[in-house]
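> sequence-free structure coming up:
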């Protein structure tokens, strides 16, 4: 902007110099008072132009300063937003961990696996007999009793139960019953006379209310076998709560 002002001043001075070098006839024909007035008027106009340009320059500088201030403010706000975003992300991670912890706390851990006995054959029995699995392999949650042979549901949910048994069949029937609250849910059996070892295995998912009981039963006239190798087992665990 200052360079522009200087160029205007030089342009005027150049014009005045050109006027002073004009022919003697021309000079004599001009009134000295008129020339002086023209120069004074031009200088006044230049001063006004310079003043106006200075005002515009000041306004431009003020506007630039304001823009810089606003830019600095926006950058500060942007940094604050970034910090807030990092804080929100950290809080989100903490919340997710707390939710997972609550889920784990709300979902009880229930699982058991037991075996029948070490003494060999059981049966044939004369009446339906509830089986008492005396050998506890796993009993997380302590929902199975090796005194009664019953599993008692600690929470409302869906549970999975599986059982396996063995016998040596020689014109005998091998069978076993899965019961819920004393009622038969599933009965599986096998008959053969080859005298070889045979296994039965099955399972079911059951929806249970708190306090419902599940157990295995040996029907009248049937026989099963177990020993230290745990051929006859009963297993169950909670799939999910309801």
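Everything's here; your move. This structure is a prediction, so every number in the text was calculated from the model and none was measured. Numbering: from 1, shown residues only.
> make sure residue 81 is indeed in a helix.
Yes: Residue 81 forms part of a helix when assessed by DSSP: H, G, I helix; E, B strand; the rest coil.
> count of neighbours near it?
The tally of other residues near residue 81 (other CB atoms under 10 Å) stands at 10. C-beta: built from backbone N, CA, C; applies to glycine.
> what of residue 74?
Residue 74 sits with 10 neighbouring residues when counted by other CB under 10 Å.
> where does pLDDT dip in the protein?
Applying pLDDT under 70 to the predicted model, the residue ranges of the chain that meet it are 1-37, 104-105, 169-172, 192-193, 195.
> quick one: the helices in it?
2-20, 24-29, 32-106 (DSSP state H).
> contacts only, for residue 125.
Contacts were defined as CB atoms under 8 Å, 6 or more residues apart in numbering; by that measure residue 125 touches 218-223.
> can you select the buried ones among those residues for me in PyMOL?
Written as a PyMOL command, the selection of buried residues from the contacts of residue 125, which uses 16 or more other CB atoms under 10 Å, is:
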select buried, resi 218+219+222+223
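> may I see the contacts of residue 125 organised as CSV, with distance to residue 155 added?
Putting those into CSV (distance: CB to CB, whole Å) gives the following:
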residue, distance to residue 155
218, 29
219, 31
220, 34
221, 37
222, 33
223, 36
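> between the contacts of residue 125, which is nearest residue 190?
Of all the contacts of residue 125, residue 190 sits closest to residue 222, with 10.1 Å by CB to CB.
> now that closest one: how far from residue 181?
Distance, residue 222 to residue 181, by CB to CB, to the nearest Å: 22 Å.
> hmm, back to that, mind listing which of the contacts of residue 125 are in strands?
Cross-referencing the contacts of residue 125 against strands under DSSP state E gives residue 218.
> tell me the one of the contacts of residue 125 nearest residue 101?
Residue 101 lies nearest to residue 218 out of the contacts of residue 125, by CB to CB, at 43.8 Å.
> give me the neighbour count for the closest residue to the closest one other than its chain neighbours.
Spatial nearest neighbour of residue 218, chain neighbours left out: residue 129 (4.8 Å); criterion: CB to CB, 6 or more residues apart in numbering. Under the neighbour criterion other CB under 10 Å, residue 129 is assigned a count of 16.
> same check, this time on the one 10 residues further on
Using other CB under 10 Å, residue 139 has 16 neighbouring residues.
> how near is the nearest residue to it once chain neighbours are set aside to residue 237?
Excluding the flanking residues, the one nearest residue 139 by CB to CB, 6+ apart is residue 112, at 4.7 Å. Summarising the geometry, the distance separating residue 112 from residue 237, computed by CB to CB, is 7 Å.
> can you check residue 198 too?
In this structure, residue 198 and residue 237 are 27 Å apart, going by CB to CB.
> equivalent analysis for residue 71, please.
Looking at residue 71 against residue 237, where the rule is CB to CB, the gap reads 64 Å.
> what about the two, which has more around it?
The neighbour comparison of residue 71 against residue 237 (other CB under 10 Å) goes to residue 237, with 17 against 10.
> give the contact list for that one.
110-112, 159-160.
> show the buried residues in those.
110-112, 159.
> center of this protein - which residue?
Centroid-nearest residue in the chain, with CA atoms, centre = their mean: residue 96, separated by 6.3 Å.
> related to what we said a few turns ago, find the residues that touch each one of residue 112 and residue 237.
Overlap between the contact sets of residue 112 and residue 237, as judged by CB under 8 Å, 6+ apart, is nil.
> just checking, residue 177 touches residue 222?
No: with contact defined as CB atoms under 8 Å, residue 177 does not count as touching residue 222 (9.2 Å).
> could you list the domains of this structure?
2-104, 111-241 (automatic domain parsing).
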